[in-house]
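> dropping the sequence and predicted coords here.
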Amino acid sequence: MEQAQEPARRPFAFAWSGHGNPEQEQATLRVWMGSAVLIAYLGYTWFRPSVDAAMVVVFVALYVAFGALSLHAVRRMAGPSRTRLVITTVADQALVAIVIAIGGPIGLPLLWVVFWFLIGSGCRYGKQTLALSCATALAAIAALAAWQPWWVANRPAALGVALSVLGASVYLSVLVDRLGNANRDLARQASTDPLTGLFNRYALEQTVGRAMMSISEGDDDMSALLLIDLDGFKEVNDTYGHATGDLLLKTFGALLSKRIRKTDTVARLGGDEFVVLARHVPDRAAVLAVADGIHAILAALTSVDDRPVSVSASIGACPIYGGAPAQYRDITALMRAADRAMYRAKTLGQGQTVFADGGDFE
């Protein structure tokens, strides 16, 4: 059964980015930030020319070219790529280390870029990419301390930078965890009915949309939307109070969740209205079997909190199938048609199920 749950995880986590394509954002920043650094070093070299400064300019220009190539690759290739992410993460830290090695003291101002890459990796892609960026940076600092003349002469500074990189990475990792949990909690709250813990209307519409998309792409199986309205719920509320009414809704929601199949979805729209999205039902008889199971739940639910109750359901069923006209595959139209069928079921008496027809879509 599909209930309120976390969004599906991507091949690698895009931790904080609010953009649809964090790889493209990162590649764009490579170009713009690299260009800004290039302009700064061009100005420095103009006023204080030296071989080291000129070499720094050359390698920063190469980094800008690398940024442009990565941006082109992200735009041309469909979807994210773990291999591309690993290569660019290692390349970012390795290339800045090369520039710092070539420049010696002149390259020291670029140490901030090491931390910029750490933050970018953690914020956009999560802990694994952050760990890779940190490991690359630490290896680069160790290499500098082993053979680069300025860093050899200032190994305590290298140790301080290495510890700073490690400390910043640990702190970022903790922060990514906390924000990731907060984001998941927010996503769960946004898709969950607070009383029953079932899907809410928003989450249901997303699920129905995916179901209709799969059908339109060639899924031959029919699905069905069953809109459930509880008959007799108002009397329970009026007789015993809202606390008992809420308990009735929670109890029915829990029983409904246990009864339906794992492939189906159950949601609460609000009040005493529930919806079941029944997937892969071969015909109307199978839809009626799902509806009969719902009626059976309520027939067996004779008391709540040791208080007798008599509640039934009026159900409007709306089939969803491939090849249907466009208006039959619109979420709003489906909900409206199921609602009209449900009200017709009410006119027939308690515990009835009615299928939507063409007139319900008009």
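Arrived safely, thanks for sending. Numbers count the residues shown, from 1 in each chain.
> how many residues are close by Val60?
By other C-beta atoms under 10 Å, 26 other residues sit near Val60. Every residue, glycine included, has its C-beta placed from N, CA and C.
> what helix or strand is it on?
helix 51-76 (DSSP states H and E).
> how far does that helix sit from its chain's centre?
Offset of helix 51-76 from its chain centre (C-alpha atoms, centre = their mean, to the nearest Å): 33 Å.
> for the longest helix along the chain, name the packing helices and strands.
Using DSSP state H, we find that the single longest helix of the chain is helix 155-191. Under the contact definition 3 or more C-beta pairs under 8 Å, 6 or more residues apart in numbering; DSSP states H and E, helix 155-191 sits against helix 111-125, helix 127-147, helix 201-216.
> mind checking the pLDDT average for it?
Across helix 155-191, the average pLDDT comes to 83.
> now it against helix 111-125, angle please.
Interaxial angle, helix 155-191 versus helix 111-125 (axes from the mean of the first three to the mean of the last three C-alpha atoms, to 10 degrees): 20 degrees.
> just checking, Leu248 touches Arg307?
No - counting by C-beta atoms under 8 Å, Leu248 stays clear of Arg307, with 9.4 Å between them.
> the two: which has the busier surroundings?
Leu248 (24 against 13).
> so for the one helix or strand the more buried one maps to, mean pLDDT?
Following DSSP H and E, one finds Leu248 within helix 242-259. For helix 242-259, the mean per-residue pLDDT is 92.
> who's in contact with the helix or strand following it?
The C-terminal neighbour of helix 242-259 among helices and strands, as given by DSSP H and E, is strand 265-270. For strand 265-270, the external contacting residues (C-beta atoms under 8 Å, 6 or more residues apart in numbering) are 1-3, 193, 195-196, 198-201, 203-204, 207, 227, 249, 253, 256-257, 260, 274-277, 279.
> show the pLDDT at the nearest residue to Asp292 once chain neighbours are set aside.
Distances taken as C-beta to C-beta, 6 or more residues apart in numbering place Thr353 nearest to Asp292, at 7.8 Å, with adjacent residues excluded. Listed pLDDT for Thr353 reads 94.
> phi, psi for Thr353 please.
When read as degrees, to the nearest 10, the backbone of Thr353 gives phi -120, psi 130.
> and if you look at Leu198?
Here is the backbone geometry of Leu198 (degrees, to the nearest 10): phi -80, psi 170.
> pretty sure it contacts Gly253?
Yes - applying C-beta under 8 Å, one finds Leu198 in contact with Gly253, separated by 5.3 Å.
> okay, and the common contacts of those two?
Counting by C-beta under 8 Å, 6+ apart, the residues touching both Leu198 and Gly253 are Val266, Arg268, Phe274.
> ok, what's across the strand from the second one?
Each beta-bridge partner of Arg268 is listed here: Phe274, as defined by DSSP bridges.
> from now on call the first residue 40
Fine by me, first position is 40 from now on; the one you just mentioned is Arg307.
> show me which of Leu237 and Gly292 is the more surrounded one.
Here Leu237 and Gly292 are compared on neighbour count by other C-beta under 10 Å; more neighbours surround Leu237, at 26 against 20.
> low-confidence stretches in the stretch 290-401 of the chain?
Where the stretch 290-401 of the chain drops to pLDDT under 70, the residues are 361-368, 398-401.
> and Gly199, how many residues sit next to it?
The burial count for Gly199: 12, using other C-beta under 10 Å.
> quickly note the distance from it to Gly143.
17 Å (C-beta to C-beta, to the nearest Å).
> show me what the helix holding Val99 is packed against.
Secondary elements touching helix 90-115 (3+ C-beta pairs under 8 Å, 6+ apart): helix 61-86, helix 121-142.
> tell me the mean pLDDT over it?
90.
> list the buried residues for it?
Neighbour-count burial for helix 90-115 flags 92, 94-96, 98-100, 102-103, 105-107, 109-110, 113 (criterion: 16 or more other C-beta atoms under 10 Å).
> verify the stated contact: Thr175 with Ala133.
Yes - the criterion here is C-beta under 8 Å, and Thr175 meets it with Ala133 at 6.3 Å.
> more crowded one of those two?
Between Thr175 and Ala133, counting by other C-beta under 10 Å, Thr175 is the more crowded of the two (23 against 14).
> need the pLDDT of that one.
If you check Thr175, the pLDDT there is 95.
> to Leu218, which of the helices and strands packed on helix 194-230 lies closest?
For the helices and strands packed on helix 194-230, proximity to Leu218 was assessed by C-beta to C-beta; helix 150-164 is nearest, at 8.9 Å.
> packing partners for that closest one?
Against helix 150-164 (3+ C-beta pairs under 8 Å, 6+ apart) you get helix 61-86, helix 121-142, helix 166-186, helix 194-230.
> how about these in a markdown table, adding distance to Ile333?
A markdown table is the format used below for the helices and strands packed on helix 150-164 (distance: least, C-beta to C-beta, whole Å):
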| stretch | distance to Ile333 |
| --- | --- |
| helix 61-86 | 43 |
| helix 121-142 | 44 |
| helix 166-186 | 44 |
| helix 194-230 | 22 |
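> burial of Ser212, as a residue count?
16.
> checking Ile267 next. Helix, strand or coil?
strand (DSSP: H, G, I helix; E, B strand; the rest coil).
> wait, it touches Val315, no?
Yes - taking C-beta under 8 Å as the definition, Ile267 is a contact partner of Val315 at 6.9 Å.
> okay, and the common contacts of those two?
Counting by C-beta under 8 Å, 6+ apart, the common neighbours of Ile267 and Val315 are Ile333.
> am I right that Met381 sits in a helix?
Yes - counting by three-state DSSP, Met381 falls inside a helix.
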